[in-house]
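Asker: Okay, here's the prediction I keep looking at, along with the sequence it came from:
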Amino acid sequence: MTGSAGAGLPRVAWGQGTYVHDTAGRRYLDASGGPAVFCLGHGHAEVNAAVIRQLERIAHGYRYSFTSDPLEELEALVTAAAGPAYGQMVFVSGGSEAVESALKIALQYHSARGASSRRRFVARRRSWHGNTLGALAVSDFLARRAPFEGALTEASFVASVNAYRPPAGVDPAALAAHAAAELEAEILRVGPERVAAFIFEPVVGAAGGVVPPPPGYAALVREVCDRHGVLLIADEVMCGSGRCGTWRALEADGVEPDLFAIAKGLGGGYLPLGAAIYHRRIAEVIDAADGGPLTGHTFTGHTAACAAGVAVQTIVCRDRLIERVASEGPRLRAALARELDGIEAVGDIRGRGFFIGIELVADRERRTPFAPALGLAGRVGQAALAAGMLCYPVSGIVDGVAGDAILLAPPYNASAAELEELVALTGRAVRAALASLPRG
């Protein structure tokens, strides 16, 4: 089949818990939850039963004709988890739509308050916000943007914020203040009256190889945005919904965004589901002017998808899985550090909770990336597959071309034995991939 996205890949058959099985009978430990999606693993009986019960009643009540119990229950669960300031949300089918909706709500807010000159977004280098045209326009993932350049809305970009790779001459301890000053300078350059919002990933995912912020960074950018009337949008599609050990990723930084986007862990991959969530002060302005948000889709608030989300979020809360992620995450990173100790190519092991990145470098002292032509991240992914594990290899994390890392994002309910297996298989895959590199 020409052009098939699945060409050369094993054919999936079924999954249970932390494991996925293919049609050839091979079993794989899902160490990355796909792209950090499967927070409860696969085949969870309670979630499956909730979806089946809903489908037996009705799959979907169209949002302009009906509300539904699952929709309202999920709204209540999200508000309880996110905090009382966040009672307004638009449910969508995934992360790109969630980000797109957040961008549109930000623009609508400024228009509603008579500031329609605020059309520009500011984002960061080495960020990824989605595949729709609006989300892609604020993303800095060169390979994914290239075919669409010229059709993307103009945005401003400030430098990535990575303590492992600070700008030349900037001490890591001063990185947060330096990055906040750069953001403010860009807002002033463009003109605050033209800037709608600053969008960022609280913990950068695929584009950076899991990069947590330096201490104090989020609070400083919150202050900068407030000073200039710029909205703060947190893209928590990958890092949110408990993945980093708090339900909102920015909780750990003590910051409330004006809007944030979630997906992946919201419904755990059981059905397509995401949401754009916005602060009550945004809602008050929009509701007064327009009666509500002017964004949404045919499947906004899809009834069966919301039923899946209710089941997933109920289990996460009931079983105290976010607390488990918070306590076990540091232990998992420490175990990986012990397993990979002595491998000179392992430059950095970083992350929060069950969201971990391992960056591989050709020269640890200089932090020099491997030559892109070697395809090291892909080699690790293939070696992991051969060893019976699924991870998430990413490349281009340094400058869009060079830089290799693997992402690990196991289910929140992975057992201690499964986490030990993850550590051992990660070590095996990294060593095998490095051994496969050409000599000389």
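Answerer: Now that the structure is in, tell me what you want to look at. Numbering: from 1, shown residues only.
Asker: For Ser111, list the residues it contacts.
Answerer: Ala289 (Cβ atoms under 8 Å, 6 or more residues apart in numbering). Just so you know, the C-beta spots here come from the backbone N, C-alpha and C atoms, and that holds for glycine as well.
Asker: can you tell me how far it sits from Ile286?
Answerer: Ser111 sits at a distance of 9 Å from Ile286 (criterion: Cβ to Cβ, to the nearest Å).
Asker: Likewise for Val158?
Answerer: In terms of Cβ to Cβ, Val158 sits 27 Å off from Ile286.
Asker: where's Glu261, which helix or strand?
Answerer: One correction, residue 261 is Ala, not Glu. Here Ala261 sits within strand 259-262, counting by DSSP states H and E.
Asker: Give the buried residues for the helix or strand following that strand.
Answerer: Where DSSP H and E defines the elements, the next helix or strand beyond strand 259-262 is strand 274-278. Residues of strand 274-278 classed as buried by neighbour count (16 or more other Cβ atoms under 10 Å): 274-278.
Asker: can I get those residues in a markdown table with distance to Glu344 and pLDDT?
Answerer: Output for the buried residues of strand 274-278, formatted as a markdown table (distance: Cβ to Cβ, whole Å; pLDDT from 0 to 100):
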| residue | distance to Glu344 | pLDDT |
| --- | --- | --- |
| Gly274 | 40 | 98 |
| Ala275 | 43 | 98 |
| Ala276 | 44 | 98 |
| Ile277 | 44 | 98 |
| Tyr278 | 47 | 98 |
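Asker: for those residues, which one is nearest Ala173?
Answerer: Ile277 (33.0 Å; Cβ to Cβ).
Asker: That closest one - nearest residue in space that isn't next to it in sequence?
Answerer: What sits nearest to Ile277 in space, not counting adjacent residues and going by Cβ to Cβ, 6 or more residues apart in numbering, is Met89, at 4.3 Å.
Asker: end-to-end on stretch 64-72?
Answerer: Stretch 64-72 stretches 15 Å from its first residue to its last (Cα to Cα, to the nearest Å).
Asker: residues making contact with it?
Answerer: With Cβ under 8 Å, 6+ apart as the criterion, stretch 64-72 contacts 54, 61, 91, 301, 303-304, 306-307, 309-310.
Asker: ok, and for the helix-or-strand element of the chain with minimal mean pLDDT, which residues are buried?
Answerer: When each helix and strand of the chain is scored by mean pLDDT, DSSP states H and E, helix 142-145 comes last, with a mean of 88. If you call a residue buried by 16+ other Cβ under 10 Å, then helix 142-145 has these buried ones: Arg144.
Asker: Report all helices and strands that it contacts.
Answerer: For helix 142-145, not one helix or strand is in contact under the criterion 3 or more Cβ pairs under 8 Å, 6 or more residues apart in numbering; DSSP states H and E.
Asker: residues making contact with it?
Answerer: 128, 131, 136, 139, 152, 396, 400-401.
Asker: residues in contact with Thr79?
Answerer: For Thr79, counting by Cβ under 8 Å, 6+ apart, the contacting residues are 86-87.
Asker: which non-adjacent residue is nearest the residue nearest the centre of the chain?
Answerer: The centroid of the chain falls nearest to Met238 when counting by Cα atoms, centre = their mean (1.7 Å). For Met238, ignoring the flanking residues on the chain, the nearest one in space by Cβ to Cβ, 6+ apart is Gly205 at 3.8 Å.
Asker: For Leu266, see how far away that neighbour is.
Answerer: Counting by Cβ to Cβ, the gap from Gly205 to Leu266 is 15 Å.
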